[in-house]
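K.L.:
pasting the structure only:
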């Protein structure tokens with residue numbers, strides 16, 4: 001079956017997915033859980049009114065959508081536990097000028113909270129990093145609609161590309177002292193759910209939205225009933241919802257990192273995946289969590305998850321990291337910034353490469369999360385570079401000597417992280433870790449495992 005590519009910008013609006021489509025106020029998002037508001041109790045008296053309102057206004061809800069379910073007065077915020085009922089949760093503010101009580105409220109650490117660097121230590125020593133290779137890849141790539149075929153029959157699968165990049169990046173980070181976990185290390189889903197197990201949920205959803213007799217499947221990519229078929233909705237529930245929720249559980253309960261690096265590749269519309277349209281466009285952007293819409297905040301679990309991020313201060317470290325990583329990625333890749341055509345994302349901070357968006361992963365992962373979206377996979381040159389696989393040195397691509405595109409991706413991240421932690425981390429001696437950083441970078445170049453020399457399959 002031929003599956004056309006759906007641009008991420010279209011998918012992300014929620015208009016075509018089970019994740020957001022048509023939910024009513026007070027409902028829980030698909031496969032979500034009713035929030036336990038008492039989990040915010042440890043954060044009582046931890047943020048001032050000014051900090052709370054500033055975060056809502058500047059990060060989470062620029063158009064004041066939050067005012068429909070959150071009321072702020074001098075001493076506290078009154079939050080609707082259920083958007084469609086008069087049941088509220090009271091969050092007390094810290095008074096201006098008062099000090100917060102020392103509490104262990106989160107598992108992640110900001111750069112300033114990491115142990116002080118000692119002489120000779122690499123700059124990322126002790127930093128816990130989770131690398132989340134976006135999508136699944138392998139046999140699931142066509143279902144994910146993140147796969148297309150080139151003229152020679154070879155396939156480009158985003159999930160395989162991100163895993164290869166993660167495998168290159170991991171030893172480079174470890175050489176700089178970081179403790180690194182891959183959220184997935186193969187082209188296999190973390191979730192135990194499968195589309196066939198989710199068909200009843202998909203059907204119930206469609207029926208509740210007014211489709212009395214939704215078609216069980218669709219015949220082809222040209223089938224106009226495709227988006228309201230049980231099969232399509234069940235597949236989305238599997239790889240876009242159940243899979244991300246399983247990754248969130250692994251990150252929040254087991255890995256407990258200081259930061260998560262979500263690796264992706266971007267794409268422009270390519271039409272028929274067997275005869276894709278290759279394009280000239282090529283660009284880069286990074287994403288942080290934010291920009292919640294009125295419709296999203298009407299859902300009790302989304303509203304709770306947003307507020308948990310706010311009171312734990314995740315957005316502060318997240319944006320600071322993005323501001324350091326964006327210029328490093330831009331320099332490494334040489335790519336121009338992407339500009340969103342819709343309102344599902346908005347500029348964040350002062351760097352043209354950084355946007356805020358409310359995605360399931362950067363909302364559910366309870367620590368700073370940076371989403372990377374470099375390179376357009378169906379760009380004419382990028383596609384060729386991707387199929388060259390990982391290699392050292394440079395090779396000829398369209399009359400130009402190019403380094404491995406995966407290496408270019410990884411080096412941009414390394415340079416941004418080193419710059420950020422050198423600047424913000426406490427050190428016993430000025431410049432500690434610089435020499436170790438240089439040595440670590442060289443170690444990373446030579447320390448790749450043999451399975452990285454192949455092209456993605």
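P.N.:
Received it, and whenever you're ready, just let me know what you need. All figures in this text were calculated on a predicted structure; none of them were measured in a lab. Numbering: from 1, shown residues only.
K.L.:
geometrically speaking, which residue is the centre of the protein?
P.N.:
What sits nearest the mean C-alpha location of the chain, by Cα atoms, centre = their mean, is residue 371, with 4.1 Å.
K.L.:
number of residues surrounding the nearest residue to residue 65 once chain neighbours are set aside?
P.N.:
Spatial nearest neighbour of residue 65, excluding adjacent residues (Cβ to Cβ, 6 or more residues apart in numbering): residue 294 at 3.9 Å. Bear in mind the C-beta positions are built from the backbone N, C-alpha and C, glycine included. Using other Cβ atoms under 10 Å, residue 294 has 15 neighbouring residues.
K.L.:
residue 294 against residue 68, yeah?
P.N.:
Yes - contact criterion Cβ atoms under 8 Å: residue 294 and residue 68 qualify, at 6.3 Å.
K.L.:
just the strands in the protein please.
P.N.:
70-72, 76-80, 88-92, 128-133, 147-149, 155-157, 179-182, 259-263, 284-289, 346-347, 354-357, 369-374, 394-397, 400-403 (DSSP state E).
K.L.:
and the angle from the fourth one to strand 259-263?
P.N.:
Relative orientation of strand 128-133 versus strand 259-263 (axes from the mean of the first three to the mean of the last three Cα atoms, to 10 degrees): 20 degrees.
K.L.:
hmm, who's touching strand 128-133?
P.N.:
Outside of strand 128-133, the residues within contact range by Cβ atoms under 8 Å, 6 or more residues apart in numbering are 108-109, 159, 162-163, 165-166, 169-170, 173, 178-184, 247, 251, 255-263, 361, 365.
K.L.:
can you list the strands that that strand pairs with?
P.N.:
Partners of strand 128-133 in the sheet, by DSSP bridges, are strand 179-182 (parallel), strand 259-263 (parallel).
K.L.:
check the third one too.
P.N.:
Each strand pairing with strand 88-92, determined using DSSP bridges, is listed with its direction: strand 76-80 (antiparallel).
K.L.:
just the buried positions in the strand it pairs with, please.
P.N.:
The neighbour-count check on strand 76-80 (16 or more other Cβ atoms under 10 Å) flags 76-77, 79-80 as buried.
K.L.:
got CSV for those residues, with distance to residue 280 and pLDDT too?
P.N.:
Supplementary listing: those in CSV, determined by distance: Cβ to Cβ, whole Å; pLDDT from 0 to 100:
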residue, distance to residue 280, pLDDT
76, 54, 97
77, 48, 97
79, 48, 96
80, 48, 94
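K.L.:
any stretches of the stretch 151-300 of the chain with poor pLDDT?
P.N.:
In the predicted model of the stretch 151-300 of the chain, residues 221 satisfy pLDDT under 70.
K.L.:
as a check, name the ranges of all helices in it.
P.N.:
158-175, 199-208, 230-236, 243-250, 294-297, 300-311 (DSSP state H, counting those that start in this stretch).
K.L.:
who's in contact with the fifth one?
P.N.:
Which is helix 294-297. Defining contact as Cβ under 8 Å, 6+ apart, one finds that helix 294-297 is touched by 20, 23, 61, 63, 65-66, 68-69, 83, 302-303, 306, 358.
K.L.:
dump those to TSV, plus distance to residue 269 and pLDDT.
P.N.:
Formatted as TSV, these follow (distance: Cβ to Cβ, whole Å; pLDDT from 0 to 100):
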residue	distance to residue 269	pLDDT
20	21	40
23	27	41
61	30	91
63	28	82
65	29	91
66	33	94
68	34	90
69	36	93
83	35	75
302	28	97
303	33	97
306	31	98
358	23	97
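K.L.:
okay, now the residue lying closest to residue 87 once chain neighbours are set aside: neighbour count?
P.N.:
Spatial nearest neighbour of residue 87, excluding adjacent residues (Cβ to Cβ, 6+ apart): residue 81 at 4.6 Å. Neighbours of residue 81 under the rule other Cβ under 10 Å: 18.
K.L.:
that older thread, of the contacts of helix 294-297, just the buried ones, ChimeraX syntax please.
P.N.:
Those of the contacts of helix 294-297 that count as buried under 16+ other Cβ under 10 Å are selected in ChimeraX with:
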select :20,23,61,65,66,69,83,302,303,306,358
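K.L.:
which of the contacts of helix 294-297 sit farthest apart?
P.N.:
In terms of Cβ to Cβ, the contacts of helix 294-297 reach their longest pairwise distance at 23 and 63, which sit 19.0 Å apart.
K.L.:
can you list the buried residues in stretch 242-256?
P.N.:
Buried residues in stretch 242-256, defined by neighbour count with 16+ other Cβ under 10 Å: 242-248, 250-252, 255-256.
K.L.:
what's the closest of those to residue 346?
P.N.:
residue 244 (22.1 Å).
K.L.:
measure that closest one to residue 210 for me?
P.N.:
Separation of residue 244 from residue 210 (Cβ to Cβ, to the nearest Å): 27 Å.
K.L.:
cool, residue 363 as well?
P.N.:
Distance, residue 363 to residue 210, using Cβ to Cβ: 28 Å.
K.L.:
who's more crowded, the two?
P.N.:
Comparing residue 363 with residue 210 by neighbour count (other Cβ under 10 Å), the higher total belongs to residue 363, at 23 against 9.
K.L.:
for the residue nearest to the more buried one when sequence neighbours are not counted, give me its contacts.
P.N.:
Leaving aside its sequence neighbours, residue 363 sits nearest to residue 305 (Cβ to Cβ, 6+ apart; 5.0 Å). For residue 305, the contact set (Cβ under 8 Å, 6+ apart) comprises 35, 363-364.
K.L.:
please apply the same query to residue 314.
P.N.:
By Cβ under 8 Å, 6+ apart, the residues touching residue 314 are 106, 108, 289, 366-368.
K.L.:
among these, which one sits closest to residue 216?
P.N.:
Closest approach to residue 216 among the contacts of residue 314 (Cβ to Cβ): residue 289, at 36.1 Å.
K.L.:
that closest one bridge partners, please.
P.N.:
Listed beta-bridge partners, residue 289: residue 357 (assigned using DSSP bridges).
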